[in-house]
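**Student:** for reference, the sequence and a predicted model appear below.
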Amino acid sequence: MPEFNPDNVLLQDAKTGAIPEEQGTLILKETMTNSVMMQLAQYEEMTKQKKTFQYLAEGVGAYWVGEGEVIQTSKPQWLTATMEAKKLGVIIPVSREFLQYTVTDFFTQVRPLIAEAFYKKFDEATILGVDNPFAQSLQDSITDVGHIVTGDINGDTFFELTDFVNDAGFDVNAFVSKTQNRSLLRRVVDGFKQDDGTITDPVRLYNRSNNTLDGQPVVDLDSTHMQKGELFAGNFNYVRYGIPYNLNYSISEEAQLSSIVDENGEPINLWERELMAVRATMDVGFMVLKDDAFAKIEPNGSGGGGVEG
């Protein structure tokens, strides 16, 4: 029996299977490059559905030693965590004409669409807790430990935000924001506050040219589920993700897509519109190692994970 070659097989003859290795690798690369969480979190190698690993919770101490004194020793504190991968699936409607493409050519064409759908879905789940299959999200962790500052983004709320993380023993190494917050971030200033509320010699902490806040990177999340005025802060060394398996796909020509609606709010019927749907899946693991390494500003009236674009 001849070996399957995606360069020579038409999509209509291979409606299910693994996404070709080269295209799958490029999809993963685009996903990891554009995902806010994957940019910030630490990657953990995974080869199966669950992985148990150790992480350094407290390092080795150093000591001053006098002449003739015995050098003190201390042991690093290692903790054990188990991360489980969940199946992330996205469905994308495309023209039925793609059935005449080879498998390789088809995934070359739709690769950017699949990658975008993957990273947006993963970010909304792991940051905002939207449609989240994992045991945690940043929003869940922050809510559990009560590290929420309510109010507008300004100098006062910013320092309350970072104090939550610092008081728990962590440095803030990144912020998750959104593009619409940039005008608000310019209000974050440091300086001596007078009794009348004015600030002497104010220093603006937001650098718009390189999108940093107090010297740390700000990464913008593009999601309608995140409100203007929401700002996450934390130490992302205490977040892990992993991708254990290759990507898979299946093609449907007849299904009605209840999750995707037309301009009238009606579910899309693929057959009526001469479309087909590609369902791509990837297994991905995620976990927050330290809930109290994160905090958030929420605007007044927000319940967290709002719906403003």
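**Tutor:** Perfect, thanks for sending it.

**Student:** spatially central residue in this protein, please.
**Tutor:** Nearest residue to the geometric centre of the chain (C-alpha atoms, centre = their mean): residue 37, 2.6 Å.

**Student:** thought that one was touching residue 126?
**Tutor:** Yes - Residue 37 is within contact range of residue 126, at 4.7 Å (criterion: C-beta atoms under 8 Å). Backbone N, C-alpha and C define where each C-beta goes, glycine included.

**Student:** give me the spatial nearest neighbour of residue 127, chain neighbours excluded.
**Tutor:** residue 138 (5.0 Å; C-beta to C-beta, 6 or more residues apart in numbering).

**Student:** isn't the one you found up against residue 176?
**Tutor:** Yes - shown here, residue 138 and residue 176 form a contact pair, counting by C-beta under 8 Å, at 7.5 Å.

**Student:** shared neighbours of these two, anything?
**Tutor:** 127, 232 (C-beta atoms under 8 Å, 6 or more residues apart in numbering).

**Student:** just the helices in this protein please.
**Tutor:** 21-34, 36-40, 103-123, 138-145, 155-167, 182-185 (DSSP state H).

**Student:** residues in contact with the third one?
**Tutor:** It refers to helix 103-123. Under C-beta under 8 Å, 6+ apart, the answer for helix 103-123 is 6-7, 9-11, 14, 17, 19-20, 22-24, 26-27, 30-32, 34-38, 88, 90, 92, 94, 98, 101, 131, 221-223, 249, 278, 280, 282, 284, 286.

**Student:** if any of those residues are buried, put those into a ChimeraX selection.
**Tutor:** Listed next is the ChimeraX selection for buried residues among the contacts of helix 103-123, using 16 or more other C-beta atoms under 10 Å:
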select :6,11,19,20,23,24,26,27,30,31,32,34,35,36,37,38,88,90,92,94,98,101,221,223,249,278,280,282,284,286
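
**Student:** low pLDDT regions in the stretch 101-250 of the chain?
**Tutor:** In the predicted model of the stretch 101-250 of the chain, residues 191-201 satisfy pLDDT under 70.

**Student:** let's see 50
**Tutor:** By pLDDT under 50, the stretch 101-250 of the chain contains no weakly predicted segment.

**Student:** how much space separates residue 80 from residue 289?
**Tutor:** Distance, residue 80 to residue 289, using C-beta to C-beta, to the nearest Å: 11 Å.

**Student:** between those two, which is the more surrounded one?
**Tutor:** residue 289 (18 against 8; other C-beta atoms under 10 Å).

**Student:** what's across from the closest residue in space to residue 246 that isn't next to it in sequence in the sheet?
**Tutor:** Excluding the flanking residues, the one nearest residue 246 by C-beta to C-beta, 6+ apart is residue 18, at 5.2 Å. Counting by DSSP bridges, residue 18 is bridged to residue 248.

**Student:** alright, I will stop here.
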